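A.B. asks: sequence first, then the predicted structure:
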Amino acid sequence: MTTTVGQYLSARLGQIGLKHHFAVAGDFNLILLDELLAEGSTKQIYSCNELNCGYSAEGYGRANGAAAMVVTFSVGALSAMNAIGSAYAENVPVIIVSGAPNTNDHGTGHLLHHTLGNTNYGYQAEMMRHITCAAEVIFSAEHAPQQIDNAIRTALRERKPAYIEIPCNLANAACAAPGPVSSLLSEPAADPASLDAALEETGRFLYARDKVVLLVGSRMRASGVIDLLPALADRMGCAVTVMAAAKGFFPEDHPAYRGVYWGEVSSPGAQELVESADGILCLGPIFNDYATVGWRATLKPENTLLADLHGITVNGRVFEGFSIRQYLEALSARAPRRAGSAETPRQPLPTIAPAPRDARLTNDEMTRQINTLIDGNTTLTAETGDSWFNAVRMDLPGGAKVESEMQWGSIGWSVPAALGGALGAPDRRHVLMVGDGSFQLTAQEVAQMVRYELPIIIFLVNNHGYVIEIKIHDGPYNYIKNWDYAGLIAAFNAEDGHGLGLRATTAGELAGAIEQAKANTRGPTLIECDLDRSDCTETLVKWGTKVAAANGRAPKVN
Ligand code: TPU
């Protein structure tokens, strides 16, 4: 039984649970795209450019566990690299497939279009190796199945992107047909001795502590066991905090929830709770400069148990040979009750009083109204900028999800990522908060939301500049050309779209626009929220000052 290389790939993508793949066409991948369409396991979704294609795949992978995208050689793949870097940094398994030169052109001295103008065509794979966990360059149909499987399997296990390069004359070449998919999806069994030793050491750590707190980090998304956390908290009886990049990873209406731990810009009470605990179970954290508020919020290693995707560090020892899923499943059945921290009650978030309808729209009022729109079935995507801080300060119902990109932090990510998220989780409501500066990078992808009739509600925060940068380090480079953001939708609709573009300058206009957005089910609604440039969250200012100080440290002189 045979198939073609392209159809083999297509079948595998369907087998691992994908319903869509993202693509931009180019002559090195056209036959591959034909093969994907012919096999038909996944629907082909088109992007305006390869950067957006990559971010869409990254957003889809967050919602759906994994994603795939197809680009053409060099001009496509090199554009996609920023997004693949994002998938790497944020632990999302995105399979990036690039068309490539005909096998007959390798090693012959033939000079090809879409290349650097020399005759070694290996450079793209070399570059991709740095930002993927597996990079497979296919040179024969015979070996293609194993190479495709290796890339997919490694991506799913490592929770990182993987690269597959397919020459344009091999996409429809015959190869062996795919068998069952089990080995791609199955997790290697845990090493029982190592897991047992890790649990014993965890027990020793926990029994020796009076005040234990769970601290949930953003790498827990990739663990696939976020849903296990409430049961673990119930068993241990302790308080739970989340890091800013993991906002929404623990139900905020759960009695154990105590808010976001983010050093000096934590939710009320969360900093004291975490920093006074003598046992902090850090689950999938990323302690970078942003998360530590410029290296100020660093936890004492002797007080922490660090559980990462493939092992734990506790009491000065490293245990590996199991996944965080296997560890947390076992811990949920064995962890001792450690209720000390739960005695500290949750401090309420500052409330925002509703503004009069005719009052000038403010950042507070905008955030209050967006917060009321979010129900337990909403995914809120928050772009780099003050949108991070507005998302973090929201009071969310259980089930609400937040997606942000705080490790990679590439502005423009959120527009395509929200599109990908909406395709990956079509039964949820999708809300996007994006600043004007970020929006200008990837704005054209709203046209694809129109095309695919995705009812994403976009809050375009027009605060007239790169406010996050203004707060960190000001200069003329932080001021941007204003656009008629709401007016763009008419252009994207053209003759057949159902997008809606609205502008709100008062509290009442925003409330009315949100009602219109809820009723618009056949396309995106972009609500341009006009704010003063000086109007931003207090936490952004506080955080920005500390991060600027860390950036501004003088070089060490020996
Ligand atoms: O709400 P606000 O005004 O802070 O957000 P906005 O308007 O989206 O401004 C974001 C400004 C910003 C920049 C220019 N944040 N980070 N950067 C630096 C940057 C530059 N290029 C990329 C691709 N990513 C970045 N983070």
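C.D. replies: Noted; the coordinates are in hand.

A.B. asks: which residue sits closest to the residue of the stretch 151-300 of the chain found nearest the ligand, ignoring its sequence neighbours?
C.D. replies: Nearest to the ligand in the stretch 151-300 of the chain, going by C-beta to the nearest ligand atom, is Tyr290, at a distance of 10.8 Å. Bear in mind the C-beta positions are built from the backbone N, C-alpha and C, glycine included. In this structure, Tyr290 finds its nearest non-sequential neighbour in Met406, 6.0 Å apart by C-beta to C-beta, 6 or more residues apart in numbering.

A.B. asks: what residues are up against the one you found?
C.D. replies: Counting by C-beta atoms under 8 Å, 6 or more residues apart in numbering, Met406 touches Ser218, Ala244, Ala245, Ile286, Asn288, Tyr290, Ala291, Thr384, Trp388.

A.B. asks: from those, list just the buried residues.
C.D. replies: Buried members of those, scored by 16 or more other C-beta atoms under 10 Å, are Ser218, Ala244, Ala245, Ile286, Tyr290, Ala291, Thr384, Trp388.

A.B. asks: and the helix or strand of the chain with the lowest mean pLDDT, what does it pack against?
C.D. replies: Sorting the helices and strands of the chain by mean pLDDT, DSSP states H and E puts helix 182-185 at the bottom, at a mean of 84. Using 3 or more C-beta pairs under 8 Å, 6 or more residues apart in numbering; DSSP states H and E, the elements in contact with helix 182-185 are helix 144-158.

A.B. asks: and the following helix or strand past the helix it packs on, what does it pack onto?
C.D. replies: Using DSSP states H and E, the next helix or strand after helix 144-158 towards the C-terminus is strand 162-167. Contacts defined by 3+ C-beta pairs under 8 Å, 6+ apart place strand 162-167 against helix 5-15, strand 94-100, helix 123-129, strand 134-137, helix 144-158.

A.B. asks: give the pairing partners of strand 162-167; include direction for each.
C.D. replies: Strand 162-167 pairs in its sheet with strand 94-100 (parallel), strand 134-137 (parallel), by DSSP bridges.

A.B. asks: what residues does it touch?
C.D. replies: Outside strand 162-167, the residues that touch it by C-beta under 8 Å, 6+ apart are 5-6, 9, 29, 32, 84, 93-103, 124-125, 128-129, 132-139, 144, 147-148, 151-152, 154-155.

A.B. asks: returning to what we had before: surely the residue of the stretch 151-300 of the chain closest to the ligand is in a helix?
C.D. replies: No: counting by DSSP: H, G, I helix; E, B strand; the rest coil, Tyr290 falls outside a helix, being coil.

A.B. asks: break the protein into its domains for me.
C.D. replies: Following the TED database, one finds the domains of the chain at 2-185, 192-334, 363-545.

A.B. asks: re earlier: list only those of the contacts of strand 162-167 flagged as buried.
C.D. replies: In terms of neighbour count (16+ other C-beta under 10 Å), the buried residues within the contacts of strand 162-167 are 5-6, 9, 29, 32, 84, 93-101, 103, 124-125, 128, 132-138, 144, 147-148, 151-152, 154-155.

A.B. asks: out of those residues, who's near the ligand?
C.D. replies: The subset of the buried ones among the contacts of strand 162-167 lying close to the ligand, counting by C-beta under 6 Å from any ligand atom, is empty.

A.B. asks: contact residues of the stretch 351-500 of the chain facing the ligand?
C.D. replies: Taking C-beta under 6 Å from any ligand atom as the contact definition, the stretch 351-500 of the chain meets the ligand at 383-387, 409-411, 435-438, 461, 463, 466-469.

A.B. asks: show only the entries of the residues you listed found in strands.
C.D. replies: Gly435, Val461 (DSSP state E).

A.B. asks: returning to that earlier point: got the buried residues for the least confident helix or strand of the chain?
C.D. replies: Buried residues in helix 182-185, counting neighbours by 16+ other C-beta under 10 Å, are found at Leu184, Leu185.

A.B. asks: who touches it?
C.D. replies: Residues outside helix 182-185 that contact it (C-beta under 8 Å, 6+ apart): Arg12, Gln15, Ile16, Asp149, Ile152, Arg153, Leu156.

A.B. asks: stretch 223-236 too?
C.D. replies: Applying C-beta under 8 Å, 6+ apart, the set of residues contacting stretch 223-236 from outside is 65, 206, 212, 214, 216, 220, 240, 249-251, 254, 256, 283-284, 309, 323-325, 328-329, 331-332, 335-339.

A.B. asks: from the chain's centre, how far out does that stretch sit?
C.D. replies: Taking C-alpha atoms, centre = their mean, to the nearest Å, one finds stretch 223-236 lying 21 Å from the centre of the chain it belongs to.

A.B. asks: for the chain, give me the ranges with low pLDDT.
C.D. replies: For the chain, applying pLDDT under 70 flags no range at all.

A.B. asks: could you flag which of the contacts of helix 182-185 are buried?
C.D. replies: Applying 16+ other C-beta under 10 Å to the contacts of helix 182-185 flags Arg12, Gln15, Ile16, Asp149, Ile152, Arg153, Leu156 as buried.

A.B. asks: isn't the second one right up against Gly179?
C.D. replies: Going back to what we said before, that points to Gln15. No: contact between Gln15 and Gly179 fails when scored by C-beta atoms under 8 Å: they sit 9.8 Å apart.

A.B. asks: got the end-to-end distance for stretch 269-286?
C.D. replies: Start and end residues of stretch 269-286 are separated by 21 Å (C-alpha to C-alpha, to the nearest Å).

A.B. asks: next: stretch 173-189.
C.D. replies: End-to-end span of stretch 173-189 (C-alpha to C-alpha): 36 Å.

A.B. asks: which parts of the stretch 201-350 of the chain are strands?
C.D. replies: In the stretch 201-350 of the chain, the segments counted as strands under DSSP state E, counting those that start in this stretch are 212-216, 239-243, 257-261, 279-283, 304-308, 311-314, 317-320.
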